[in-house]
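[1] Below is the sequence, then the predicted model.
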Amino acid sequence: MSCVLGISAGYHDAAAALILDGQLIAAMQEERFTRIKNDSSIPSQAVSACLAQAGLTPAAIDRVVFYENPFAKLERVLLSLVRSFPQSWKQFPTAISSQIGSKIWILDQISSTLNIPRNRIFTTTHHRSHAASAFFPSPFDEAAILTVDGIGEEVSTGMWLGKNGCINCIKSIEYPHSLGLLYAALTAYLGFEVNEGEYKVMGLAAYGTPCFKEEFASLISLSSDGSFELNLPYFAFHTKTDIGFSAKMEKLFGPRRHPGKHWDFESSSQDRKYANIAATLQWYTEEVLLGLARNIRQLTGCDNLCLAGGVALNCVANARLLKESGFSRIFVQPAAGDAGGALGAAILASIDLDGKYPSPLNSCALGENISNDAALKLVQNLGINHTKPDDIFSSAAELIANNKVVAFAHGRFEWGPRALGQRSMLAAPQDKATRERLNKVIKKREPFRPFAPAILSHRAGEWFEGQDCDMSPFMTSVANVRPERAKDLGACTHIDGTARVQTVSELSSPGLFNVLHALDKKTGIPIVVNTSLNGNGEPIVGSALDAISFFVSHPVDAMVVGDILLKRNTL
Ligand SMILES: [Fe+2]
């Protein structure tokens, strides 16, 4: 029996994944424990929680695999700086102190922080981790695999074939040509935070039209075999540490948008222009991904496609891939960003040690459970009114049916960036005003950000076109709302008539399944708005303490925390 741990850390989204005798026991991001968004530090708390899930100590771990090769990364950073000299001279001290100062010693730091002998710690490569994380948890025995992100060691885009329990790289595109870095540069130009604001750009894109195609053609050139090249003078990620685009980009599109400014599409022509830039970026991203997907389909002859890497979190592009790339089925690993590398690294270690890998992923509930005892103690100490209903799911459904917003913290928290019914805020889907309330009052975020519907999987076809697919249980694609249903989905239909649907089964999210079932009985609508349980800029809630802190500081109407129901005194 082997016990292996995969770890990602050092840049963003540190995470740990534990596999015991080929079975995936737990996978968690460090940010859920430290409460630091995208925390990149060595995931010591996530590791402890993974081990606790299996009742093990660090001594039981046979092998730790770090998700990338820090020495190859150092080589790429140094080579890139030398190639970009003299423009890059200012970047030298920061890059050297970051790489030599800590990043290349990360394996020693993991050893000492986690108390695991150094000779049990190994490395793999960044895109191999992504590819393994996409293929092995998929429902396919054979698939083409696309890994697309900002940058790994030197690869930014990988094409792979997964077959007979192995993954092999067929083709790759290397730094500085990177779809992830193109998206990141424009994310920064539009005034959003890189590695965080990419979702916002995707939401914003639906408010614009892709009318800057000519300008984008000077940023990136596409080849008939799906490969692409960036026109580097428009970018600065290779010469500066703080920003991804150059002055030439601002000459092309005009001045950048300043962060934090209120968005106003009605009276600001500038904001409409920025939305058009976002729409064109989204269109180009989809075109590049389609080119890559069609090429890998030709090279492999496969009918199935697996995706990972940060760009694979673009659910609008994933929906287009399913429609237009020629693949019959597509699976996107739900933690497709760098956190997911921990899962890929653990799988590679498990295969290497005893040839075993986990069965297909059917739920993201791989985190730490809510402690009922801790929740009870906290509400008693704080004097918060609470009850323990016989059927907590039916009680939650009753509140939702009465147009209340219910925070729902139940079961093990989710793996990946999406709240899928274990740490969610739930509301009735009909009323557009609910969306305003969630955006403005509770989440305090941009008005154009959409909310997603969660629906009983066997009812999805009644409400959405093209459901249920392999991506919908993990909310990694979008679907068109059936026009005749749009009036009942005012709170979760995006301006372009789509929705990022989550299909829910008893296996994937048992608590949410029960709520939806009860809601369907009461109202005939088996759908809720499902948005993540977190305040603006905060990681999603993890523990009972986080959940109750959220209830105390945000104006939700009620909260389910474990088997306890909290209600505002006004209810
Ligand atoms: Fe990555």
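    Ah, there it is.
[2] Between the two ends of stretch 522-538, how far is it?
    End-to-end distance of stretch 522-538: 34 Å, with Cα to Cα, to the nearest Å as the criterion.
[3] Could you do stretch 303-320 as well?
    For stretch 303-320, the first-to-last residue distance is 16 Å (Cα to Cα).
[4] Pull the distance from that stretch to the chain's centre.
    Remark: stretch 303-320 is offset 11 Å from the chain centroid, using Cα atoms, centre = their mean, to the nearest Å.
[5] do the same with stretch 141-161
    17 Å.
[6] Please parse this structure into its domains.
    As given by automatic domain parsing, the domain ranges for the chain are 3-134+344-361, 174-332, 367-567.
[7] Check these for me: which has the lowest mean pLDDT.
    The weakest mean pLDDT among the domains of the chain belongs to domain 3-134+344-361, with a mean of 89.
[8] Give the closest residue to Thr113 in space, chain neighbours not counted.
    Closest residue to Thr113 apart from its sequence neighbours, by Cβ to Cβ, 6 or more residues apart in numbering: Ile42 at 4.8 Å. In this view, the C-beta of every residue, glycine as well, is placed from N, C-alpha and C.
[9] Format the domains of the chain as a markdown table; extra columns: distance to Gly150 and mean neighbour count.
    Listed next are the domains of the chain as a markdown table, based on distance: least, Cβ to Cβ, whole Å; neighbours: other Cβ atoms under 10 Å:
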| stretch | distance to Gly150 | mean neighbour count |
| --- | --- | --- |
| domain 3-134+344-361 | 9 | 20 |
| domain 174-332 | 3 | 19 |
| domain 367-567 | 16 | 20 |
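[10] which one of those lies closest to Ile151?
    The closest of the domains of the chain to Ile151 is domain 174-332. By Cβ to Cβ, the value is 5.0 Å.
[11] hang on, the earlier thing: make JSON lines out of the domains of the chain and add distance to Gly162.
    Below are the domains of the chain laid out as JSON lines (distance: least, Cβ to Cβ, whole Å):
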{"stretch": "domain 3-134+344-361", "distance to Gly162": "7"}
{"stretch": "domain 174-332", "distance to Gly162": "7"}
{"stretch": "domain 367-567", "distance to Gly162": "14"}
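[12] can you put those domains in TSV and add distance to the ion?
    Shown next, in TSV, are these (distance: least, Cβ to the ion, whole Å):
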stretch	distance to the ion
domain 3-134+344-361	6
domain 174-332	5
domain 367-567	13
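[13] how close does Ile540 get to Arg459?
    According to Cβ to Cβ, to the nearest Å, Ile540 and Arg459 sit 26 Å apart.
[14] Sorry, slip of the keys, the one I care about is Gly55.
    To Arg459, Gly55 is 38 Å away according to Cβ to Cβ.
[15] next one: Ile243
    Between Ile243 and Arg459 the computed distance is 47 Å (Cβ to Cβ).
[16] Then Glu368?
    31 Å.
[17] quick one, what contacts Gln357?
    In this structure residue 357 is Tyr, not Gln. Neighbour list for Tyr357: Ile19, Gly22, Phe136, Gly165, Ile347, Ser350, Ile351 [criterion: Cβ atoms under 8 Å, 6 or more residues apart in numbering].
[18] Of those residues, which is the nearest to Tyr207?
    For the contacts of Tyr357, the residue nearest Tyr207 by Cβ to Cβ is Phe136; the value is 38.0 Å.
[19] Can you verify my assumption that the closest one contacts Ala346?
    No: assessed by Cβ atoms under 8 Å, Phe136 is found out of contact with Ala346, at 9.9 Å.
[20] Residue of this protein nearest the ion, please.
    Distance from the ion to each residue of the chain (Cβ to the ion) is smallest for Asp149, at 3.5 Å.
[21] Which residue is the nearest non-sequential neighbour of that residue?
    Nearest residue to Asp149 in three dimensions, chain neighbours excluded: Gly309, at 3.6 Å (Cβ to Cβ, 6+ apart).
[22] who's in contact with the helix or strand harbouring Val529?
    Using DSSP states H and E, Val529 maps to strand 527-532. Strand 527-532 is contacted from outside by 400, 418-421, 423-429, 434-435, 438, 443, 451-455, 463, 488-489, 491-492, 502, 512, 515-516, 519, 540, using Cβ under 8 Å, 6+ apart.
[23] Mind checking which of those are in helices?
    Those of these mapping onto helices are Ile400, Thr434, Arg435, Trp463, Leu512, Val515, Leu516, Leu519, per DSSP state H.
[24] Which one of the residues you listed is nearest to Tyr284?
    Among the ones in helices among the contacts of strand 527-532, Arg435 lies closest to Tyr284 (Cβ to Cβ), at 28.6 Å.
[25] where do the strands sit along the stretch 451-571 of the chain?
    In the stretch 451-571 of the chain, the strands defined using DSSP state E, counting those that start in this stretch lie at 452-456, 479-480, 498-499, 502-504, 527-532, 558-561, 564-567.
[26] Name the strands paired with the strand holding Val529 and say parallel or antiparallel.
    Here strand 527-532 has these sheet partners by DSSP bridges: strand 423-427 (antiparallel), strand 452-456 (antiparallel).
[27] Can you lay out the ones in helices among the contacts of strand 527-532 as TSV showing distance to Ser268?
    Below are the ones in helices among the contacts of strand 527-532 laid out as TSV (distance: Cβ to Cβ, whole Å):
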residue	distance to Ser268
Ile400	36
Thr434	26
Arg435	21
Trp463	35
Leu512	39
Val515	40
Leu516	39
Leu519	39
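[28] Please identify which of these is nearest to His238.
    Within the ones in helices among the contacts of strand 527-532, the smallest distance to His238 is 40.3 Å, found for Arg435 (Cβ to Cβ).
[29] gap between the two ends of stretch 47-62?
    End-to-end span of stretch 47-62 (Cα to Cα): 14 Å.
[30] I'd like to know which elements the helix or strand hosting Ala16 is packed against.
    Element membership for Ala16, per DSSP H and E: strand 15-20. Counting contacts by 3 or more Cβ pairs under 8 Å, 6 or more residues apart in numbering; DSSP states H and E, strand 15-20 is packed against strand 3-8, strand 23-29, helix 44-54, helix 340-354.
[31] can you map out the helices along the stretch 251-400 of the chain?
    Assigned by DSSP state H, counting those that start in this stretch, the helices in the stretch 251-400 of the chain fall at 269-300, 315-324, 340-354, 372-382, 392-401.
[32] Save those helices as a markdown table, and put in distance to Met202 too.
    Output for those, formatted as a markdown table (distance: least, Cβ to Cβ, whole Å):
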| stretch | distance to Met202 |
| --- | --- |
| helix 269-300 | 6 |
| helix 315-324 | 6 |
| helix 340-354 | 18 |
| helix 372-382 | 35 |
| helix 392-401 | 27 |
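[33] Would you tell me which of those gets closest to Gly535?
    Evaluated over these, closeness to Gly535 peaks at helix 372-382, with 17.9 Å, by Cβ to Cβ.
[34] ok now the closest one, how far from the chain's centre?
    In terms of Cα atoms, centre = their mean, the centre of helix 372-382 is found 31 Å from the chain centre.
[35] which residues touch that helix?
    His386, Ser543, Ala544, Leu545, Ala547, Ile548, Val552, Val561, Gly562, Asp563, Ile564, Leu566.
[36] now do 10 Å
    Residues lying outside helix 372-382 but in contact with it, judged by Cβ atoms under 10 Å, 6 or more residues apart in numbering, are 371, 384-386, 388, 409, 543-545, 547-549, 551-552, 559-564, 566.
[37] Put the alpha carbons of that helix into CSV.
    This file holds the C-alpha atoms of helix 372-382, laid out as CSV (Å, rounded to 0.1, in the frame of the first residue of the first chain):
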residue,chain,number,x,y,z
ASN,A,372,-21.0,20.2,14.2
ASP,A,373,-19.5,20.3,17.7
ALA,A,374,-17.4,23.4,16.9
ALA,A,375,-20.4,25.1,15.2
LEU,A,376,-22.6,24.5,18.2
LYS,A,377,-20.0,25.7,20.7
LEU,A,378,-19.5,28.9,18.7
VAL,A,379,-23.2,29.8,18.4
GLN,A,380,-23.8,29.1,22.1
ASN,A,381,-20.8,31.2,23.1
LEU,A,382,-21.8,34.1,20.8
